[in-house]
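Novice: Task: produce atomic coordinates for the following.
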Amino acid sequence: MASYTFGVEIEIIAVPHTIRANLQSLTAAYYRKIAAALKVRGLQAGSNPLTPSADGRTPASYDKWWITRDGSLIIQPSDAARLVAIEAVSPILSTSEDWQREIDKFWEGFHAVFHTPTPSPLCGSHYHISRGRNTSFTLGELKTIAFGVVLFESQLTKILVQQRRTNQYCTPNTASSAALKRAVSHSVGYLAATINSVRDTTSLCRLMQANRYVLWNFANIVPGKSGTIEFRGGRCLRGKFRTRAWVAFTVSFIHWLLKTNHIANLDRSWDGSVSGLYANVQNAAQQLGLNDELPPYYTNLNETTFWR
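Specialist: Alright, predicted model coming up:
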């Protein structure tokens, strides 16, 4: 069975169970409390001390949960006495391991310190996908994925929750790159030829985006980076079920693109409907053993129909 490694970045604005005076000055203390709650539950965890000399935006290594902050999560002065902004960065996880336990225990630890967060349009979730530990996608695989995410961009956008479809931090790739938009407007064959013509990962990244604030971020495929592809369209997460569902969806979508290899099979017909796309992702999830994590309908993911 194929497997992939991944990491999750979860943005949260939440209310502590115990609200203390001068709450914003105690942010680092609350980060430590979350990390401590995770350790009690058997997880490896650390937190950003938020000191002037600390470079704690990202962990030194992705071997533990890292509790930190994100500059895009702005607390209004009227809410500063009761809200804490958090970004939780997972360790590197693998679909061949018990990653669900890590997700479940994270939320158990979080809920021991904070109330279940209310949905916020400021918050989203990001998913970094790679072939395996210390294994990057090949250039050919990256081209296959790049072609697929553009080919099915409009369908995928409809699977996102409404707040993420127009969010400035996950702009569709065709809206970010003039060259990509031009290729798409020409023809599918021209798009395939444009992507196939790039000679290295740096050129592919430049084709796919103008900056990293795109739905599919290829910035980490360039030399010296992690080699992951980042999906930035995830919803504001509040618990384990939707966290697991969006992990399963993202990994399975990538798996389906690689297995189908649309860029090498332009003559093959495919179902261009959103429901057809979701059915293909469900089949890919079954191949990966992730089908139990996905809801039955794509409307459950975009939350136009109820699921859990």
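Novice: And the helices in the protein?
Specialist: 27-40, 99-113, 139-151, 153-159, 162-165, 173-176, 178-186, 188-196, 201-208, 240-260, 274-288, 298-301 (DSSP state H).
Novice: could you dump those to TSV with mean pLDDT, mean neighbour count and distance to Leu93?
Specialist: Heads up, the C-betas are built off the backbone N, CA and C, glycines and all. Shown next, in TSV, are the helices of the chain (pLDDT from 0 to 100; neighbours: other C-beta atoms under 10 Å; distance: least, C-beta to C-beta, whole Å):
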stretch	mean pLDDT	mean neighbour count	distance to Leu93
helix 27-40	97	19	14
helix 99-113	98	20	4
helix 139-151	98	21	20
helix 153-159	97	18	22
helix 162-165	95	16	22
helix 173-176	98	20	25
helix 178-186	96	15	30
helix 188-196	97	16	29
helix 201-208	98	19	24
helix 240-260	98	22	8
helix 274-288	97	19	13
helix 298-301	97	20	20
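Novice: nearest to Tyr4, of those?
Specialist: Minimum separation from Tyr4 across the helices of the chain (C-beta to C-beta) falls at helix 240-260, 5.2 Å.
Novice: So what angle separates the directions of the closest one and helix 274-288?
Specialist: If you take axes from the mean of the first three to the mean of the last three C-alpha atoms, to 10 degrees, helix 240-260 sits at 90 degrees to helix 274-288.
Novice: chain center to helix 240-260, what's the gap?
Specialist: Put simply, helix 240-260 sits 10 Å off its chain's centre (C-alpha atoms, centre = their mean, to the nearest Å).
Novice: As a markdown table, the helices of the chain with distance to Gly7 would be great.
Specialist: Listed next are these as a markdown table, based on distance: least, C-beta to C-beta, whole Å:
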| stretch | distance to Gly7 |
| --- | --- |
| helix 27-40 | 15 |
| helix 99-113 | 10 |
| helix 139-151 | 17 |
| helix 153-159 | 20 |
| helix 162-165 | 19 |
| helix 173-176 | 21 |
| helix 178-186 | 26 |
| helix 188-196 | 26 |
| helix 201-208 | 19 |
| helix 240-260 | 10 |
| helix 274-288 | 17 |
| helix 298-301 | 20 |
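Novice: What's the separation between the residue lying closest to Phe306 once chain neighbours are set aside and Gly276?
Specialist: Leaving aside its sequence neighbours, Phe306 sits nearest to Asn300 (C-beta to C-beta, 6 or more residues apart in numbering; 7.4 Å). Computed as C-beta to C-beta, to the nearest Å, the Asn300 to Gly276 distance reads 16 Å.
Novice: ok, now Arg82?
Specialist: From Arg82 over to Gly276 the distance is 45 Å, taken as C-beta to C-beta.
Novice: pretty sure Val198 contacts Leu204?
Specialist: Yes - counting by C-beta atoms under 8 Å, Val198 touches Leu204, with 4.7 Å between them.
Novice: what's the overlap in contacts for these two?
Specialist: Shared contacts of Val198 and Leu204 (C-beta atoms under 8 Å, 6 or more residues apart in numbering): Lys143.
Novice: tell me the domain ranges of this structure?
Specialist: Domain assignment for the chain by automatic domain parsing gives 5-123, 139-233+240-301.
Novice: what's the first-to-last distance across the shortest one?
Specialist: This means domain 5-123. End-to-end distance of domain 5-123: 23 Å, with C-alpha to C-alpha, to the nearest Å as the criterion.
Novice: Quote the end-to-end distance of stretch 206-218.
Specialist: Termini of stretch 206-218 sit 9 Å apart (C-alpha to C-alpha).
Novice: ignore the last one, stretch 48-60
Specialist: 11 Å.
Novice: mean confidence score for it?
Specialist: Stretch 48-60 shows a mean pLDDT of 77.
Novice: and the gap between the closest residue to Leu301 other than its chain neighbours and Thr144?
Specialist: Nearest residue to Leu301 in three dimensions, chain neighbours excluded: Ile159, at 5.5 Å (C-beta to C-beta, 6+ apart). With distances taken as C-beta to C-beta, Ile159 is found 20 Å from Thr144.
Novice: Direction included, what does the longest strand along the chain pair up with?
Specialist: Ordering each strand of the chain by length in residues (DSSP state E) puts strand 5-14 first. With DSSP bridges as the test, strand 5-14 is paired with strand 84-89 (antiparallel), strand 93-94 (antiparallel), strand 125-130 (antiparallel).
Novice: Can I get the ones you listed in TSV including mean pLDDT, mean neighbour count and distance to Ser47?
Specialist: Below are the strands paired with strand 5-14 laid out as TSV (pLDDT from 0 to 100; neighbours: other C-beta under 10 Å; distance: least, C-beta to C-beta, whole Å):
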stretch	mean pLDDT	mean neighbour count	distance to Ser47
strand 84-89	96	24	10
strand 93-94	98	17	19
strand 125-130	98	22	19
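Novice: would you turn the ones you listed into TSV with distance to Lys240?
Specialist: Listed next are the strands paired with strand 5-14 as TSV, based on distance: least, C-beta to C-beta, whole Å:
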stretch	distance to Lys240
strand 84-89	13
strand 93-94	14
strand 125-130	13
